[in-house]
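Engineer: Okay, predicted coordinates and the sequence, questions at the end:
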Amino acid sequence: MYDAAFMPKRLRKIKVFTARPPDSLPIYFHEKLSKANSNPRSIIKLYRRYMKLDDEIDYKWLVRCFCQLGNVFGFNSFWAPRDKQQIHSLPSFKCLVYDLIERREQIQPEMVPRLLYAMAALEYRSYHLLPTLLEHVEANLHRWRLPTACNMALCLALLGVGEDT
């Protein structure tokens, strides 16, 4: 307090933090992501905010964020292919995919169908992520019901995965 009296006014006005970050970042950002379900811009902005606050983002949140982007650009949406291409070119989207690739060993089998659907809906082929997803598909094919397996087969076909005969 005493030292602050001798500081110039311009330095006394500087606030390092505008607000204290929430206690549990994953819970806070899961709630925020639920509210931003149909706007790709707000989903990307939310990812950027989370990236600035935490060094290691919760992997389940990353998967959910990517899947939510895929749902926005789903097969029944009215977004143009040019919009998908613009999303691919955003540095934040590239960082999101890089974060998914960087910790791909944390992918759980129940995440695979949603990730494949999101990749197919976004028309985005991540050749670093696909081998891990395919390993999970082969290892856990007996666990999924027929509609889920058919949806994964469709998504893989749309992504161009398979033999050329």
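Structural biologist: All right, it came through fine.
Engineer: What is the burial count for the closest residue to Trp79 other than its chain neighbours?
Structural biologist: Using C-beta to C-beta, 6 or more residues apart in numbering and skipping residues adjacent in sequence, the residue nearest Trp79 is Phe73, 5.2 Å away. Using the backbone N, CA and C atoms, a C-beta is placed for each residue, glycine as well. Counted with other C-beta atoms under 10 Å, residues neighbouring Phe73 total 21.
Engineer: Nearest spatial neighbour of the residue sitting nearest the centre point of the chain, chain-adjacent residues omitted?
Structural biologist: By C-alpha atoms, centre = their mean, the chain has its centre lying nearest to Phe66, at 2.8 Å. Distances taken as C-beta to C-beta, 6+ apart put Ala118 closest to Phe66, at 5.4 Å, once the chain neighbours are dropped.
Engineer: And for the helix or strand the one you found falls within, what's in contact with it?
Structural biologist: Using DSSP states H and E, Ala118 falls within helix 112-122. When contacts are defined by C-beta atoms under 8 Å, 6 or more residues apart in numbering, helix 112-122 is touched by residues 63, 66-67, 69-71, 73-75, 77, 84, 87-88, 107, 125-126, 129, 133, 136-137, 140, 144, 148, 151-152, 154-156, 158-159.
Engineer: let's see it at 7 Å
Structural biologist: 63, 66-67, 69-70, 73-75, 84, 87, 125-126, 133, 136-137, 144, 148, 151-152, 155-156, 158-159 (C-beta atoms under 7 Å, 6 or more residues apart in numbering).
Engineer: wait, doesn't the residue nearest to the centre of the chain sit right on Leu96?
Structural biologist: Yes. Phe66 is within contact range of Leu96, at 6.2 Å (criterion: C-beta atoms under 7 Å).
Engineer: circling back to that earlier point, and the gap between the residue nearest to Phe66 and Tyr28?
Structural biologist: 23 Å (C-beta to C-beta, to the nearest Å).
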